[in-house]
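Undergrad: Please work out how this folds:
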Amino acid sequence: MLEGITMDKKKVREEIIKKRNNLLSEIKKEYDALIFKQLIESDIYNKSKKIFTYVSFGSEIDTIKFIKYALNDNKEIYVPKTDKTKKEMVAIRINSLDNMNVDNWGILEPKSVDKNKIGEDFDLILMPGLAFDRKGNRIGYGGGYYDKYLSQFKEISNKLVLAYDFQIVNNIENEPHDIKVNCIITNNEFIKIDEI
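TA: Numbering: from 1, shown residues only. Model prediction:
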């Protein structure tokens, strides 16, 4: 666990990315499988019909396996389509991972924005991030896409993150625009946050 009352977000990002990138592939597979199992067996997942999830890339916890599983489980799955110039994002419903493109960052996303497939009123949102504390604060990648996008949906209570145990830190300073999460699944535990 990273120490420090207030942490330099840039330093934390660099440290976590380094740790994540250095995870041995067999350990990553094992951790990802433990996280996946907890997620699909959770009440939060099983009670959800409409799910908005990020598409994993690089050393992130694998969400591709989750997306395929959830689609097969008859869930409505929405993934981000970003506009880099406006720094905006919309959630687009997908039926498979076939009709996708790799964006400039190497992330799979829908090829186009079909207005009939834009989603809202989600039962569950899986958010990406680099570091999290036990109060639901998170350090993302610094783009602010999720904070901006999710500020529209105050009522969604199930905002969940997937993390390796080393991504849990002591304390993250929360800014007014930061969106908190209320659930963290790690390779070791299921953390439910009540004080949001």
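Undergrad: Give the other helices and strands that the strand or helix carrying residue 146 contacts.
TA: Assigned by DSSP states H and E, residue 146 falls within helix 145-150. Helix 145-150 sits against strand 76-83, strand 88-94, strand 124-127, with contacts defined as 3 or more C-beta pairs under 8 Å, 6 or more residues apart in numbering; DSSP states H and E. Heads up, the C-betas are built off the backbone N, CA and C, glycines and all.
Undergrad: Apply 7 Å and report the result again.
TA: Packing partners of helix 145-150 (3 or more C-beta pairs under 7 Å, 6 or more residues apart in numbering; DSSP states H and E): strand 88-94.
Undergrad: counting contacts, what elements does the strand it packs on pack onto?
TA: Counting contacts by 3+ C-beta pairs under 7 Å, 6+ apart, strand 88-94 is packed against strand 76-83, helix 145-150.
Undergrad: Alpha carbons of the longest one, as CSV, please.
TA: Translated: strand 76-83. In CSV, the C-alpha atoms belonging to strand 76-83 read as follows (Å, rounded to 0.1, in the frame of the first residue of the first chain):
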residue,chain,number,x,y,z
GLU,A,76,-27.0,-4.7,-22.3
ILE,A,77,-23.4,-3.7,-22.6
TYR,A,78,-22.2,-0.1,-23.3
VAL,A,79,-18.6,1.0,-23.9
PRO,A,80,-17.0,4.4,-24.3
LYS,A,81,-16.6,6.3,-27.5
THR,A,82,-14.5,9.4,-26.9
ASP,A,83,-14.0,12.7,-28.7
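Undergrad: pLDDT averaged over it - what is it?
TA: Mean pLDDT, strand 76-83: 92.
Undergrad: And the average pLDDT for the helix ranked longest in the chain is what?
TA: Among all segments of the chain classified by DSSP state H, the helix with the greatest residue count is helix 25-41. For helix 25-41, the mean per-residue pLDDT is 97.
Undergrad: Number the chain from 12, please
TA: In the new count, where the first residue is 12, that last one comes out as helix 36-52.
Undergrad: Any buried residues in it, and which?
TA: The neighbour-count check on helix 36-52 (16 or more other C-beta atoms under 10 Å) flags 39, 42-43, 46-47, 49-50 as buried.
Undergrad: No more questions from me, cheers.
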